[in-house]
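# Need coordinates for the below:
(one chain, ligands or ions: 1)
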Amino acid sequence: MIWQPETLDEARRMAWDADDWDEGIAHCLTMLVPDGAWMREGPSLDYGCGPGRLTAAVHHRTWAGMSTVESVGYDPNPKMLHESDNDAVRFVDRLTGLGTFGFVFSVLVLQHLDHESQHAAIDNMAAMCGRGGTVRVQFTYEGDTGPLSNPTPRPTMTRWMRDAGLVSVWTELDPVYPTWAWAEGQMS
Ligand SMILES: C[S@@+](CC[C@H](N)C(=O)[O-])C[C@H]1O[C@@H](n2cnc3c(N)ncnc32)[C@H](O)[C@@H]1O
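Coordinates of the predicted model:
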């Protein structure tokens, strides 16, 4: 099991961006959706969404004003999920019956999982991605290994994504957080 805050308040207090919650969201948005319009193959799936800080943000950046599209935040820990106050975004603790998505993304999840679970998560994300869609994940590629930190070398992440059926896979280093990298691939 990994470290998991039990409530949104606890997440805000303890978490990854305790001092700069809004800045963290803004940074992730620039890394996930640099130009909000280009990922319109379908709605987005936030894999391991936690309290959903990025779920609605990514949805609105991509689909602003288009009320017919519903994006989803998935987290296996139901305590992390909260009622959405927005019709365009839904939170679930299971991946069944959702169909596929045009953009599947994950932030601050893989680094907390052992390598076997990271690989399985990549397989899950690729399976939820529709044809022509994009999978984009943040992971740590170097740094300490420990209960909250399982770095994965970039070539290993690339291989897992290709094995999951994604093409045109590439990785890049995060310009702000020194141990972070991002990997992206398309579903053919
Ligand atoms: C540090 S939080 C990140 C939440 C959110 N992605 C964000 O950036 O604000 C990590 C989340 O990963 C979820 N998680 C743990 N194991 C997971 C798994 N195997 N697959 C998907 N999510 C998982 C936890 O429940 C927790 O909500």
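
# going on from the top strand by length along the chain, what's the next piece of helix or strand?
When secondary structure is assigned using DSSP state E, the longest strand within the chain turns out to be strand 129-140. Next in sequence after strand 129-140, counting helices and strands by DSSP states H and E, comes helix 154-163.

# If you drop the residues flanking it in sequence, what lies closest to the residue nearest the centre of the chain?
In the chain, the centroid-proximal residue (Cα atoms, centre = their mean) is Ser106; its distance is 1.3 Å. Taking Cβ to Cβ, 6 or more residues apart in numbering, and ignoring the residues beside it in sequence, Ser106 has Tyr47 as its nearest neighbour in space, at 4.1 Å. (C-beta placed from N, C-alpha, C; glycine too.)

# Mind listing the residues bridging to that neighbour?
On the basis of DSSP bridges, Tyr47 takes part in beta bridges with Tyr74.

# What about it, how many residues nearby?
Applying other Cβ atoms under 10 Å, we find 25 residues neighbouring Tyr47.

# Now do the helices in this protein.
If DSSP state H is used as the criterion, the helices of the chain fall at 8-14, 21-32, 55-63, 115-127, 154-163.

# quick one, which of these is nearest to the ligand?
The minimum distance between the ligand and the helices of the chain falls on helix 115-127, with 5.2 Å, by Cβ to the nearest ligand atom.

# Distance-wise, check the nearest residue to Gly48 once chain neighbours are set aside relative to the ligand.
Closest residue to Gly48 in three dimensions, ignoring its sequence neighbours and counting by Cβ to Cβ, 6+ apart: Val109, at 3.3 Å. The spacing between Val109 and the ligand, counted by Cβ to the nearest ligand atom, to the nearest Å, is 4 Å.

# Pro51 against Met80, yeah?
Yes. Distance between Pro51 and Met80: 5.9 Å, which falls inside the contact criterion (Cβ atoms under 8 Å).

# can I assume the residue nearest to Ser106 is in contact with Val104?
Yes. Applying Cβ under 8 Å as the test, Tyr47 and Val104 come out as touching, 6.0 Å apart.

# Need the overlap of contacts for those two.
125, 128 (Cβ atoms under 8 Å, 6 or more residues apart in numbering).

# Show me which residues of the protein are close to the ligand?
2, 4, 16, 47-50, 53-54, 75-77, 80, 107-109, 112-113, 117, 121 (Cβ under 6 Å from any ligand atom).

# Report the buried members of these.
Buried residues within the residues of the chain next to the ligand, defined by neighbour count using 16 or more other Cβ atoms under 10 Å: 47-50, 53-54, 75, 80, 107-109, 112-113, 121.

# just checking, Pro151 touches Tyr141?
Yes. Applying Cβ under 8 Å, one finds Pro151 in contact with Tyr141, separated by 5.7 Å.

# Need the overlap of contacts for the two.
Counting by Cβ under 8 Å, 6+ apart, the residues touching both Pro151 and Tyr141 are Thr179.

# Great, nothing more from me.
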